[in-house]
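# next one to model:
(2 chains)
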2 protein chains.
Amino acid sequence: MSTDLQQRLSRLKELIQPGLIAYAPEQEPRSLYEPMRYSLSGGGKQLRPLFLLLSCEAVGGCSRDALPAALALELVHNFTLVHDDIMDHDELRHGRETVYKKWEESTAILAGDALLVQAFRALAGVEAALLPRVLAGFTAGILEVCEGQAQDKEFELRASVTLDEYYGMIAKKTGRLFSLACEIGGLLGHGTEQQVQGLAEFGACLGRAFQIQDDVLDLVSDKAMLGKDIGSDIRENKKTFLMAYLFQYGAQEQQQQIRRLAEKNELSREELQLAAAAFTAAGALPAAETEIKRCITLAETALQPIEEEARNPLILMLTALAKRKF
Amino acid sequence: MSTDLQQRLSRLKELIQPGLIAYAPEQEPRSLYEPMRYSLSGGGKQLRPLFLLLSCEAVGGCSRDALPAALALELVHNFTLVHDDIMDHDELRHGRETVYKKWEESTAILAGDALLVQAFRALAGVEAALLPRVLAGFTAGILEVCEGQAQDKEFELRASVTLDEYYGMIAKKTGRLFSLACEIGGLLGHGTEQQVQGLAEFGACLGRAFQIQDDVLDLVSDKAMLGKDIGSDIRENKKTFLMAYLFQYGAQEQQQQIRRLAEKNELSREELQLAAAAFTAAGALPAAETEIKRCITLAETALQPIEEEARNPLILMLTALAKRKF
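Alright, predicted model coming up:
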């Protein structure tokens, strides 16, 4: 990533972080605002608000005008993390205890609720003329995220899912917020209808690439770098890209290997290597890489309605993301 | 209540119920929409949307214009019930199992989340010119409800609270949604600023009366009529009006009696009678009645800016509520 873009991202993050924290002030009741602040200062990558602001700038808008929506989206993202961690029994996030683990479930439920409410408070700051459309898109999008999470949980109870079912689920659970980020950024930057559609499509492809990569990293990354438990997807019987691919194309033997490992509560380093070997033998790991590359090409193509120089920051961010190791 | 008003309420309910159910369609994923539909068809009294629509009509507005906001408020109310039941370990509501009990916690967390999102989708249908103000009031109100719930949970861990602390908590947890209902109804009916303020005050007083009565009914009502567990407040060490009053004005002996009962997991009929006797001896039950009457008078007074005939339905509803036994 160029120094120029890095400076630009730093400048945008300096807008985002204090804006976020203002939604979890140091006030009573502490049992509500402390876990919210903890979640918002967890050192997330703030990808969604960054993509929203860059999308706004890409169509010639001023990122300050899009800040309320960017904050709203990051608040929504934090809401999903706090609640999903309860549902998925995840104890670590960004190298720290998750909210429900550090406090307790009731506290995490309520803190997540309040983060979602704050998202809508932030959104109320959007330009009045655009508010009805932004609110409608925003709410429809978050509902899809809930649908995606529900499907993800339903899939855990199933022996297998097809790749198409997997793609449908992650389009909602992960893709929708990225797509929403870029779409709303374009809207608030007063882009043309074609540009806004292109940005939405860009975000959807980006989200798909991001989730497949996330699935791969759960298996092959270092716990210390990822800041969360490795192999938790297998343990929770999550239907990741690797799983869906294995059950669609893998040999019986490879499928049985993974089913055996999925029954365990903890996976040792050796067992993780066994899992990786089964996925590799089934061709799932290279298939993931191929699909990520395909999504990146699609994402780039979707940006055609935007002037070449203007779309560069988005493409640079996308490329940098595709290389991430955590 | 007059037959005239009863017919009017039936007519309004015929608008509300199908409107609500439309937000939980029979579609996939079932694990999301089924518990939502279950919650929305639980036979609640739909007081908040009714007060919103009546408030709109009271200032000369058309209740159809206020329907999106009325549905939004009832969706919010259902969201709070589904999540609060998890936090409060309540297994019965309106005579049926609560959502987390019938399904499981994860399902109830997500169904509650989606109900809140649907509330904002409904709200997006509000007249565009009023949307920024309505959205700002709505979100600030729901945040206060979250604060009230957090305080309620914090109070459970404390030995005692003062009556003032109790009033502060219920103003947020219960009063705020009633106040919001009447305020937004007035706004959408294009009432004067004075009328809108008066309606907000009316709702706040109504909410206080309603919650104090709820606290009393938890102790003295019949389980069958109330449709939920009796004595659960004492068991959960909830700081109700009766508790706050007892700890502020009761004798040591009465306080110890209640503390002993609060340590139990189940309360027998005899133990409930012991509790009622302690609260009566401390004067808490008659004090509750006095405070409810005072709130009703205040609520009536708050409606002064509204023409006498127009405010009658609100006052009749208020009076009917104050006499409820469940």
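# number of residues surrounding the nearest residue to A:Phe138 once chain neighbours are set aside?
In space, and not counting its chain neighbours, A:Phe138 is closest to A:Leu123: 6.2 Å by CB to CB, 6 or more residues apart in numbering or on different chains. Just so you know, the C-beta spots here come from the backbone N, C-alpha and C atoms, and that holds for glycine as well. Neighbour count of A:Leu123, defined by other CB atoms under 10 Å in any protein chain shown: 24.
# what sits against A:Gly19?
Contacts for A:Gly19 (CB atoms under 8 Å, 6 or more residues apart in numbering or on different chains) come out as A:Leu67, A:Ala70, A:Leu71.
# please, which helix or strand holds the first one?
In this assignment (DSSP states H and E), A:Leu67 forms part of helix A:63-87.
# that helix: which residues count as buried?
A:63, A:65-87 (16 or more other CB atoms under 10 Å in any protein chain shown).
# whichever helix or strand comes after it: how far from the chain's middle?
Using DSSP H and E, the helix or strand that follows helix A:63-87 in sequence is strand A:92-93. Offset of strand A:92-93 from its chain centre (CA atoms, centre = their mean, to the nearest Å): 15 Å.
# again with stretch A:262-270
Worked out by CA atoms, centre = their mean, stretch A:262-270 lies 25 Å from the chain centre.
# cool, and stretch A:176-190?
That offset, for stretch A:176-190, works out to 15 Å (CA atoms, centre = their mean).
# just stretch A:96-114 next, same as before
19 Å.
# what's that stretch in contact with?
Contacts for stretch A:96-114 (CB under 8 Å, 6+ apart): A:31-32, A:35-36, A:38-39, A:42, A:79, A:81-83, A:85-86, A:90-92, A:227, B:79, B:83, B:86-87, B:105, B:109, B:112-113, B:116, B:143, B:146-147, B:149-150, B:153.
# ok, and the closest non-adjacent residue to A:Ala111?
A:Pro35 (3.9 Å).
# what is the helix or strand where that neighbour lies packed up against?
Here A:Pro35 sits within helix A:30-40, counting by DSSP H and E. Other elements packing on helix A:30-40 under the criterion 3 or more CB pairs under 8 Å, 6 or more residues apart in numbering or on different chains; DSSP states H and E are helix A:3-21, helix A:63-87, helix A:99-102, helix A:105-123, helix B:131-156.
# ok, residues contacting it?
Applying CB under 8 Å, 6+ apart, the external contacts of helix A:30-40 come out as A:20-21, A:23-27, A:74-75, A:78, A:81-82, A:99, A:102-103, A:107-108, A:110-111, A:114-115, A:118, B:146-147, B:150, B:153-154.
# if we go to 6 Å?
Applying CB atoms under 6 Å, 6 or more residues apart in numbering or on different chains, the contact partners of helix A:30-40 are A:20-21, A:24, A:27, A:78, A:82, A:99, A:103, A:107, A:111, A:114-115, B:147, B:150, B:154.
# in PyMOL, how would I select just the buried ones from these?
Buried residues among the contacts of helix A:30-40 (16+ other CB under 10 Å), as a PyMOL selection:
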select buried, (chain A and resi 20+24+78+82+99+103+107+111+114+115) or (chain B and resi 147+150+154)
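# count of residues packed around the closest residue to A:Ser179 other than its chain neighbours?
Nearest non-adjacent residue to A:Ser179, counting by CB to CB, 6+ apart: A:Gly203, 3.7 Å away. Neighbourhood size, A:Gly203 [other CB under 10 Å]: 30.
# got it, and the one 5 residues further on?
The burial count assigned to A:Arg208 is 25, neighbours taken as other CB under 10 Å.
# what helix or strand is it on?
helix A:193-220.
# now swap in A:Glu291 and tell me
A:Glu291 belongs to helix A:284-302, assigned by DSSP H and E.
# helix, strand, or coil at A:Gly60?
Recorded secondary structure, A:Gly60: coil (DSSP: H, G, I helix; E, B strand; the rest coil).
# per-residue confidence for the closest residue in space to it that isn't next to it in sequence?
Nearest residue to A:Gly60, sequence neighbours excluded (CB to CB, 6+ apart): A:Gly189, at 6.2 Å. In this model, A:Gly189 is scored at 98, pLDDT.
# residues in contact with A:Gly189?
Counting by CB under 6 Å, 6+ apart, A:Gly189 touches A:Cys56, A:Val59, A:Gly61.
# from A:Leu177, how far off is it?
Remark: distance between A:Gly189 and A:Leu177 (CB to CB, to the nearest Å) = 18 Å.
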